[in-house]
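Peer 1: This is a predicted model, with the sequence first.
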Amino acid sequence: MVVAPAPTQTSLEVRAGIVKKYKATMKEKPKGSWSGDVVPPIATGEPFGGGSEVAAALAVAEAAGLLALILTAREGLVTALHALQCAVCAAAGDARTSRDAAVRGDGPNWYDWDLADPTLPGYELNKGVLDAMVAVQQCPAIKDLDRHVGELTSGTFLAIPVGEEGGGVGSSSRAIVQLNTAPVQDFLRVAPLAGKDFGKIPMAEWSANMKAEIEAAVGLLKSGAFGDPDSFFKVGRADFAMIKGTNEKHKKINPTYYLIVLGINRHAEFNALGVQVAAKANCTFSPGPIKTKDRVAAKCAPGGDYFSYDAAMQPDCMRVLDIVRGTMVVTTQAMMFNTHAAAVEVFGEAAVVKDRRTKVQHDLLLIFKVRGMWVELQLHYGQLLPLKSLMHAVFELQRLTTDECVAASGLRTVMEIPDPEFGQSAADCKMLLHI
């Protein structure tokens, strides 16, 4: 066992501030029950979020004669995932006990709520959680589900018609050139945002452009353009709620929130351009929601796609290019090619072109610039869309990292981890996958 070093006077002062805040929070909110008292929701047998998406995927599987195999694999995987949920709840419960002890003055740490084990070097992942993650990845069911969904996807893709105008993926004359210019969000590469990561920038340091962008985004949020302003917390958009109060209450902002601000201000313009593409290519445009702060944080955490130790590459979120995103839905090979051409005509030349038509994703990903901000447009075959949820779930589980801390594990992309600071319970441990 590694004993944590004695806290310094400075750390004690910081801890005292956190404990004071925690005491006030716990007076207002119930502490809830943990693993022994409340079983995570998945135990009821309900599908993970997005029941309609799962139903659509299973309908395709039934038509292809693979329903029984996929259901059997899915049941085995759900069992393993439920064990992971219970392990997370147990770790969070232990952390809350530790935090409660800190409030009383006899606890070792108040900051181990993130499922880290203070007895391990470097505050590594809680062993119970780690073992459960390994069990999920080694579960035969996940391999079976991956194989069956892959077979279903390949069969569906091969049945997609070429279309009257040609343009099949096997036609060299209709090839789409791959491109990646490694773009970053230039808004975050200038003062006072350059070099910052999680630090908040006070209003006094905002540039004139920052002030204008923030004021515009606050106005849109208050106008109801993104839903009822009083319900942002209820619908999982705490980031919108925080941005809405930036000018009058918080008077400071961090790079991730500012990136979301930029997205808020360009969302309608992006959607209008998407509609233009759909009209030109005779396909369908589906706007996506603005990426949440939590999803950005997961990508920028250690082990995430955009994390960097290089101070010159801060903030990490400047590499997030899909804050604003949307989908074009096509039904033939020719329509995919023509939609790409229409998108370039409407948006301008792309900075990134990922032609994955013949890969497991069977799609096309494009990065364009809208009023100075990089945005993402994906082109999907409508026949494959019902299967995307299962494909994505398997992908996210397979890419979990089980040899580092929880922040780097990718676990937060798989489930919502309950936070004892806000009095959450096991009932708040929710899967983020559609499976």
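Peer 2: Cool, the structure landed.
Peer 1: which of the residues in stretch 187-197 are buried?
Peer 2: Buried residues in stretch 187-197, counted by 16 or more other Cβ atoms under 10 Å: 187-188, 193, 196. Heads up, the C-betas are built off the backbone N, CA and C, glycines and all.
Peer 1: Show the average pLDDT along that stretch.
Peer 2: Mean per-residue pLDDT for stretch 187-197: 88.
Peer 1: cool, and stretch 91-102?
Peer 2: For stretch 91-102, mean pLDDT rounds to 55.
Peer 1: ditto for stretch 268-284
Peer 2: What stretch 268-284 shows for mean pLDDT is 97.
Peer 1: Please identify the buried residues of it?
Peer 2: In stretch 268-284, counting by 16+ other Cβ under 10 Å, buried: 270-271, 273-274, 276-278, 281, 283-284.
Peer 1: quick one on the thing from earlier: from the buried residues of stretch 187-197, which ones fall inside helices?
Peer 2: Residues of the buried residues of stretch 187-197 located in helices (DSSP state H): none.
Peer 1: Include distance to Met133 when you put these into TSV, please.
Peer 2: As requested, those are exported to TSV (distance: Cβ to Cβ, whole Å):
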residue	distance to Met133
Phe187	36
Leu188	32
Leu193	35
Lys196	32
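Peer 1: And the residues you listed, which two are furthest apart?
Peer 2: Across the buried residues of stretch 187-197, no pair lies farther apart than Phe187 and Lys196, at 12.3 Å, counting by Cβ to Cβ.
Peer 1: Among the buried residues of stretch 268-284, which are located in strands?
Peer 2: Judged by DSSP state E, strands contain the following of these: Thr284.
Peer 1: Can I get the buried residues of stretch 268-284 in TSV including distance to Ala80?
Peer 2: What follows is the buried residues of stretch 268-284, written out as TSV (distance: Cβ to Cβ, whole Å):
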residue	distance to Ala80
Phe270	39
Asn271	39
Leu273	43
Gly274	38
Gln276	45
Val277	41
Ala278	41
Ala281	42
Cys283	39
Thr284	36
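Peer 1: shaky segments in the protein?
Peer 2: The model of the chain has pLDDT under 70 over residues 1-51, 92-126, 165-173, 198, 302-303, 402-408, 418-427.
Peer 1: How about residues contacting the helix or strand Gly219 falls within?
Peer 2: Assigned by DSSP states H and E, Gly219 belongs to helix 208-223. Outside helix 208-223, the residues within contact range by Cβ atoms under 8 Å, 6 or more residues apart in numbering are 192-193, 203, 206, 226, 229, 232, 240, 243-244, 246-247, 253, 258, 260-262, 264-265.
Peer 1: at 10 Å what do you get?
Peer 2: 187, 190, 192-193, 201, 203, 206-207, 225-227, 229, 232, 237, 240-241, 243-248, 253, 257-258, 260-268, 372 (Cβ atoms under 10 Å, 6 or more residues apart in numbering).
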